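> Sequence below, structure please.
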Amino acid sequence: MEDGEQLDVTVTKFLDPAKGADEFNQPQSGKKWVAAQFQLVNTGSKAYSDSPANDARAADTDGQHFDAWFGEIAAGPAMTSDLNLPAGDKALGWIVFEVPSSSKIVTVQYGLNSGFAEQTGQWKVS
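Numbers count the residues shown, from 1 in each chain. I've put the predicted structure just below:
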């Protein structure tokens, strides 16, 4: 991250499974959606720009890792895909993952700057 960039990231909720928002937003056959609600708070002195979906990963009990999936869920609004967060502001939204129906997700990760920063947070979920 650049000087002045600082972001506090929290997983506020986790859904397994996550219900699609309507009949058009549904997982593929043999899959389910899980979702993490992230809160991002810019605690730095300059704006933070990124695509939060590029930053998030989920992992299951078998060690499989899953990238974010674009889908709208009934629980609430998705995290913006084009974040430009001024200093002092916050963003709240869901990031969806499409996983095999049999997968049991145990952790969610968030790596800043599309995963290229040294800072990565990990949360245990149930």
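> Give me the below-cutoff pLDDT ranges for the protein.
1 (pLDDT under 70).
> What segments of it are helices?
52-55 (DSSP state H).
> just checking, residue 123 touches residue 107?
Yes - using CB atoms under 8 Å, residue 123 makes contact with residue 107 at a distance of 6.6 Å. Using the backbone N, CA and C atoms, a C-beta is placed for each residue, glycine as well.
> which non-adjacent residue is nearest the residue nearest to the spatial centre of the chain?
Among the residues of the chain, the one closest to the centroid is residue 95, at 3.8 Å (CA atoms, centre = their mean). Spatial nearest neighbour of residue 95, excluding adjacent residues (CB to CB, 6 or more residues apart in numbering): residue 56 at 4.6 Å.
> and the one you found, how many neighbours?
The number of residues packed near residue 56 is 22, by other CB atoms under 10 Å.
> How about residue 121?
For residue 121, using other CB under 10 Å, the count is 16.
> swap in residue 100?
The number of residues packed near residue 100 is 13, by other CB under 10 Å.
> what sits against it?
30-32, 64 (CB atoms under 8 Å, 6 or more residues apart in numbering).
> hey, what's it bridged with?
residue 31 (DSSP bridges).
> ok, the closest residue to residue 19 other than its chain neighbours - contacts?
Once flanking residues are discounted, residue 19 sits nearest to residue 74: 4.6 Å by CB to CB, 6+ apart. Neighbour list for residue 74: 18-21 [criterion: CB under 8 Å, 6+ apart].
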